[in-house]
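Asks: sequence and predicted structure are below.
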Amino acid sequence: MLKNIFILIILLMGTITSYTQQVKKSEGGNFLLKGGTLYTITRGVMQADLLIKDGKIADIGTNLNAAGAKVIDCTGKRIYPGFIDSGTRLGLAEIGSISLTNDYSELGDFIPHMKALTAVNPNSVSIPVTRVNGVTTVLAKPEGGRFPGTGALIDLHGYTPDQMYAGAEAVLLNYPSTGKRGRWDRRSDEDVKKDAEKAAKKLDDIWDKAVLYAKMDSTARADKKNMDSYNPQMDALLPVVRGQAKLFVEVNVKSDIESAIEWVKKRNIKAVFTGMAEGWRVADKLAAAGIEVITGPVLSIPGRENDKYDAAYTNAAKMHKAGVKVALRTNDAENVRNLPFNAGFAATYGMGVEEALKAITIVPAQIFGVADKYGSLEKGKVANLFIADGDPFEMKTRISHLFIRGWNVPLESRHTLLYDEFLERSPGLK
Amino acid sequence: MKIKIFAFALGLFLCINVISAQTGDLLIKNATVLTVTKGTRENTDIWVQNGKISRIDRNIPAPKGVRVIDATGMYVMPGIIDAHSHIAIDAVNEATAPNTAEVNVGDALDPLDVSIYRALAGGTTISHAMHGSANAIGGQCQTIKHRYGTTDPAQLRMEGAPRTIKFALGENPMRVHGEGNKISPNTRMGVEQIFRKAFSAAQLYMKAWDDYKKGLTKVAPAYNLRMETIADILKGNIIIHCHSYRADEILMLMNVLRDYGINKICFQHVNEGFKVAPELAKFGATASVFADWWAYKFEVYYSTAYNAAILTRNGVVTSINSDSGELIRHLYHEAAKTQRYGDLTDDEALALITINPAIQLGIDKRVGSIEVGKDADFAIFNNHPLSIYAVPQMTIVDGIVRFDIKNDPEDIRVDIDPKEKYATYYEDLRNHEYYGCMSGVMELFMEESYASYLRYIYSKNHTH
């Protein structure tokens, strides 16, 4: 009897194991990528082996040997650092039209303390869908209101937000806009202007208070005391007011960009301008002011009817040529996988492949202050990279392996699983 | 002074109209010709006479007085066709009843819409200007040629194109009528009954007229344009283009159509078409899909970007559409996505935006491939159009160059307000909302729940 039960248990365990094996898990350990062409971004293109150890790029060189490392033959293949999308709702948005599945827009106009990282869902179905095109890292950011919250840079791997956190946050500001929100926006031009002026005054008030708050906080600290009030909004702005962190300013319309340049200068704020649909109109001023830019989606229609049809395609290139540091974003949720194609369009419309690659690797890493760990294939950096059989901007190219923090992540998603199941459906018609 | 301006405006008006009325003569030299239906031909010339392709050959001698386009190193493909769009119309949804078959977006054409030019700049020469998806039976649609420059709405119409009508299943008609107006349909069950009721009523209507014509009844039935339109569907004179997402609702409509002997159907969006590809193929239904849109609402949560590939491999005539003023500008890129998601060949991928949508619109005898006798609609690229590095150089409609990258005006608007240096800036740059399926609907429901939905769609643009 006991023996029978024992056999039954063994059988049951067997079944369970075989079921769990159907789910592909990420593979840890050390990997030696042999014989590939490395697109290092910062050190040119080279033929070399790359060793992944303890989640890092442990070595790059010819004829590397590493006992115990799994060897992946990369002959004829290219290796790129993982792509970084500098602005998304990934992890914060699940099903567009169902508001309760969306966590990127908290109520309130002045809520910089709302932290995106809190609401990132590591199991969002969109995350594996995004990885298949080589995107390993994104800024997940809140939207809406004047100060919509604080975005978080996350790696697209891990089971908790803390595991995913890539070491950078971004306090966001929506600069008052003089543009219309859409064709349904029936406000007169005068009303639009008035609204923007009112909003600008309110913004100034907030900032004055934040500066004052920072002084009070410093004084309190000098006296080894705590502030005797709970003010999380102001606390969230402290690093920005003190110049220890950048402020990410969403601004698109030409005149608003000009006004924002003056505003951050006057306030002595270290700013990154985001959106920047009309950055091309003021590229020289941006370059002179030394303002870094995150723009996109590249695949957008122009903001004004009289603009050239390719205004959005050429925008990044024009700013770059004027000397502005430009990173790209999709500003998407479920289709962040189109980041390399947005970069491809920017490359085609004047930026060139090399600079477009930088705009989704090393440049965002620099903007977010994590270039010591991310954005290129260099010894000591985090092993976020992928192996492709060609140019990753071209749709025919296949990506065979993708590593995030050294984990060999299966390139499987809802989309590939449905393909596998339904390409040849069985039963078919009968 | 005023008279001068008037005379100038009149002159401009006449001039533009004369141009658009023309069909052109051209000789394209030394191109790589992607015929789509008959392979790729290197170093080949195309001779166009009166807006039609008259000869495809090597070394065609240049006829006297005919414009020669040197396409050395260039790729010429058929003008791109978009089977689902809402550009060039100033009304999209007659969202007042679950069945509004009598209305026609062809009555609301807007030749001044700059989106037409932007589409041309992306190689798209024909689009299917559709009614929206608010109603189970929406309005009739209009296949248009992108003859940008004309100020005459009638000149946008593709003469001789078959009639089409918009149907819609699932969340949109349920939301607008059930949730919004508190009338059926509120569920997919209700949506089915809208169709059965409409077809049955039209059958009775037809019989009443037959009886009258045969002299069996003395009094003529009341003329009803809605009934007439549905009757024309039953007679096979109108192709149905049905907004759909889920597999179950797709099967439902095929069952309904089978019961009424209707077989001309193209399913639009059809995100779950891949699940019922064998059934679609057996019915002879076609499918017009997005390259990769999904997750913007629950009925597209279980989607795959491999949809087009699965449908194609299962023998369903498939196209990739835009439903957007943005995507319509790079459908060549959207089609290329099927090479990453499903390994389609170059010809299969190009067919998704040329001959296949032409079949779905019933215009494949005239357009959709480069063949002698067909309309001279071309898109000329500097690289293979399925490459990310392809830039459209020239777009030709009926032998007339409508876009030329070397001659791209600083301001392309036809109706320029002289007081305005710049046009208004709109924040929503992807602008799907303006040209999407639910345009003009959500304003009708400004209660809070709808207002919040509105905020969502206006921020996310996905209204399909």
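Replies: Yep, it's here.

Asks: when you work out contacts or count neighbours from here on, use the C-alpha atoms and nothing else.
Replies: Will do.

Asks: closest point of the stretch 1-150 of chain A to chain B, which residue?
Replies: Residue nearest to chain B within the stretch 1-150 of chain A: A:G96 (4.0 Å; Cα to the nearest Cα).

Asks: pLDDT value on the nearest residue to that residue once chain neighbours are set aside, please?
Replies: Distances taken as Cα to Cα, 6 or more residues apart in numbering or on different chains place B:Y296 nearest to A:G96, at 4.0 Å, with adjacent residues excluded. We have a pLDDT of 94 for B:Y296.

Asks: how near is B:Y296 to A:N335?
Replies: Distance, B:Y296 to A:N335, using Cα to Cα, to the nearest Å: 10 Å.

Asks: so for those two, which sits in the more crowded spot?
Replies: B:Y296 (22 against 19; other Cα atoms under 10 Å in any protein chain shown).

Asks: I'd guess the residue of the stretch 1-150 of chain A closest to chain B is in a strand, am I close?
Replies: No - remark: A:G96 does not belong to a strand; assigned using DSSP: H, G, I helix; E, B strand; the rest coil, it is coil.

Asks: interface residues of the stretch 1-150 of chain B facing chain A?
Replies: B:114, B:118, B:121 (Cα under 8 Å from any Cα of the partner chain).

Asks: out of the residues you listed, which one sits closest to chain A?
Replies: So of these, ranked by how close each gets to chain A (Cα to the nearest Cα), first place is B:R118, at 5.6 Å.

Asks: return the residues in contact with B:G73.
Replies: B:30-32, B:382-383 (Cα atoms under 8 Å, 6 or more residues apart in numbering or on different chains).

Asks: if we use 10 Å, what do you get?
Replies: B:30-32, B:42-43, B:381-384 (Cα atoms under 10 Å, 6 or more residues apart in numbering or on different chains).

Asks: same thing with A:R267?
Replies: A:204, A:207-208, A:211, A:241.

Asks: what confidence value was assigned to it?
Replies: For A:R267, pLDDT reads 97.

Asks: by average pLDDT, which secondary structure element in chain A comes out worst?
Replies: Using mean pLDDT, DSSP states H and E, helix A:2-22 stands out as the lowest-scoring helix or strand of chain A, at a mean of 56.

Asks: check which helices and strands whichever helix or strand comes after it is in contact with.
Replies: As assigned by DSSP states H and E, the chain's next helix or strand after helix A:2-22 is strand A:31-39. The contact analysis (3 or more Cα pairs under 10 Å, 6 or more residues apart in numbering or on different chains; DSSP states H and E) places strand A:31-39 against strand A:45-53, strand A:56-61, strand A:70-73, strand A:78-81, strand A:385-388.

Asks: would you confirm that B:I396 belongs to a strand?
Replies: Yes - the assignment for B:I396 (three-state DSSP) places it in a strand.

Asks: and the pLDDT at it?
Replies: pLDDT at B:I396 comes out at 98.

Asks: stretch A:124-144 near chain B at all?
Replies: Yes - Stretch A:124-144 reaches chain B (Cα under 10 Å from any Cα of the partner chain) through A:125-126, A:129, A:133, A:143-144.

Asks: all the strands of the stretch 301-430 of chain A, in order from the start?
Replies: In the stretch 301-430 of chain A, the strands defined using DSSP state E, counting those that start in this stretch lie at A:326-328, A:385-388, A:399-404, A:407-408.
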